[in-house]
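> build me a structure from this.
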Amino acid sequence: MGLAGGPRNRFHQDIASTLADLAAFLHPATGGDGRRARAGGQRPHGRQPLPTVRRKDTVAAGVDQVAMDACGAALLGLRPAEIGYISEAHLRGLGTMDFQALAPALLEL
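Numbers count the residues shown, from 1 in each chain. Purely as a prediction, here's the structure:
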C-alpha cells in the first residue's frame with residue numbers, strides 16, 4: 001500500500017479488494033519468516049498487555065503470494081478462507097489458498 005500515492009485512506013473502504021488488486025499488479029516472489037509469531041489481534045498500544053510470542057520455527061519462500069499468505073495465516077492458527085483478501089485473490093485466480101497441495105511432503109501445519 002505504500003506504493004500508492006494520493007488519498008490512500010480510500011483503500012481501507014474495501015481492503016480485501018484493494019490487496020487483491022495490488023497482488024494482480026505486482027506479482028512478487030515472497031518469503032515468510034515464521035520463526036516467532038505474535039499471537040493476538042492488533043499491535044499493543046496504551047496500557048494493553050504485550051502480545052504473546054510463540055515459537056513456530058518455520059521459514060517459507062515461494063512465488064505464489066496467495067499460497068504464502070495462506071500458509072502464514074495457517075501458521076497463526078487462522079483459516080485462510082476466512083481472510084478477505086486471501087479469498088478474493090484466490091477467487092480471481094491470482095494464486096491458490098490451498099498451499100498444502102503445492103508441496104505436501106514439506107509442510108507439517
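
> which SSE is the nearest residue in space to residue 99 that is not next to it in sequence in?
What sits nearest to residue 99 in space, not counting adjacent residues and going by Cβ to Cβ, 6 or more residues apart in numbering, is residue 67, at 3.9 Å. C-beta coordinates here come from the backbone N, C-alpha and C atoms, glycine included. Using DSSP states H and E, residue 67 falls within helix 65-75.

> relative to helix 65-75, how tilted is the helix or strand following that helix?
Sequence order places helix 84-91 as the next helix or strand after helix 65-75, per DSSP H and E. Helix 84-91 runs at 140 degrees relative to helix 65-75, counting by axes from the mean of the first three to the mean of the last three Cα atoms, to 10 degrees.

> contact partners for residue 70?
80, 86, 90, 96, 97, 98, 99 (Cβ atoms under 8 Å, 6 or more residues apart in numbering).

> pLDDT at the first one, what is it?
With respect to pLDDT, residue 80 has a value of 94.

> can you list contacts of stretch 87-96?
With Cβ under 8 Å, 6+ apart, stretch 87-96 has contacts from 16-17, 19-20, 23-24, 64-67, 69-70, 80-81, 97, 102.

> most widely separated two among those residues?
Greatest spacing in these, by Cβ to Cβ: 17 and 102 (24.7 Å).
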